[in-house]
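J.: What would the 3D arrangement of this be:
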Amino acid sequence: MTDPIPTNATPTTATDLGAVTRHPTVVKLRELFFDVLSFELHRFTALGDGASFLCWRSKDGSIASARLDLFAKPTRDNPRRLVLRVVINKGPVDDVANVARRRGLLAEGELWRSPSWALEAFVTLDELLSSAPFLASLVRAHEENDASLVIAAPFKTVLASGDPLTWDVVASEAAWASIEPRLSGRKERA
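T.: Prediction:
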C-alpha cells in the first residue's frame, strides 16, 4: 500500500508543494502520465532526471517539453481536490537542453530552438491520465497547424474557447472550481 499524499492544516506554500512533489506516489503518477503522453505523441521522447519533465523533437526541429507540477493541494480550510498543472513549452530550458543532448534528441553543438507556442493545463488528480491523449492532440495540432487534429477533452473545460491553436491556458471545470477562489484572492491582495 502506498502512503497517502499529505495534507496541511495551513495554507499551501512553495515549500509544502516541493515536499509533496517528491512524494513517491506523485513521482510514479508523473511517470505514468509521461508514459501515456509519450505513447500518444508517437515520438521518441526523453524523460528528465527524476521524471521531472518529458521532452521530444517537434516536427519543426525544435525541442518541446512538458512538465507536471502540483499547483494546489487540499488543506483543512480548503478540502477541495488536488490540482495539477501541465506546462507545455514553458519554463527553464537548461535542464531540458541537457537531457535532450544526453538522450540524443539534440546533437552536440546544435543550436537550441524553442517551440513557438506554449500551453498551461489545469486538471484534477483523477483527470490527469485521461488528459494525456487530449494534450498530445494539441501538440500534434500545433505541429501540423491544423486545429481539426484536436480531440475532445475528456472533461468539461473552461478558459478554452475559439480556435485551439490560440489557446495558452485550458482548465477542467473541476480544477478551475478548486483554484479560481485562490487566484481571486491573489488578485485582491495585489
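
J.: What values do phi and psi take at the closest residue to residue 46 other than its chain neighbours?
T.: Leaving out its chain neighbours, the residue that sits closest to residue 46 by Cβ to Cβ, 6 or more residues apart in numbering is residue 103, at 3.6 Å. To be clear about C-beta, it is placed using only N, CA and C from the backbone, and glycine gets the same treatment. Torsion angles at residue 103 (phi, psi; degrees, to the nearest 10) stand at phi -100, psi 0.

J.: Likewise for residue 147?
T.: phi -60, psi -20.

J.: What is the burial count for it?
T.: The number of residues packed near residue 147 is 15, by other Cβ atoms under 10 Å.

J.: Let me see the contact set for it.
T.: Shown in contact with residue 147 (Cβ atoms under 8 Å, 6 or more residues apart in numbering): 141, 163-165.

J.: Count the residues that sit near residue 135.
T.: Residue 135 has 24 nearby residues by other Cβ under 10 Å.

J.: Please apply the same query to residue 117.
T.: Neighbours of residue 117 (other Cβ under 10 Å): 20.

J.: again with residue 148
T.: 7.

J.: Nearest spatial neighbour of it, chain-adjacent residues omitted?
T.: Nearest to residue 148 is residue 141, by Cβ to Cβ, 6+ apart, at 7.6 Å.

J.: which residues does that neighbour contact?
T.: Applying Cβ under 8 Å, 6+ apart to residue 141 gives the contacts 147-150, 164-165.

J.: so which helix or strand takes in residue 123?
T.: For residue 123, the host element (DSSP states H and E) is strand 119-124.

J.: give me phi/psi at the residue nearest to residue 148?
T.: Torsion angles, degrees, to the nearest 10, at residue 141: phi -60, psi -40.

J.: for residue 84, same thing?
T.: Dihedral angles (degrees, to the nearest 10) for residue 84: phi -110, psi 150.
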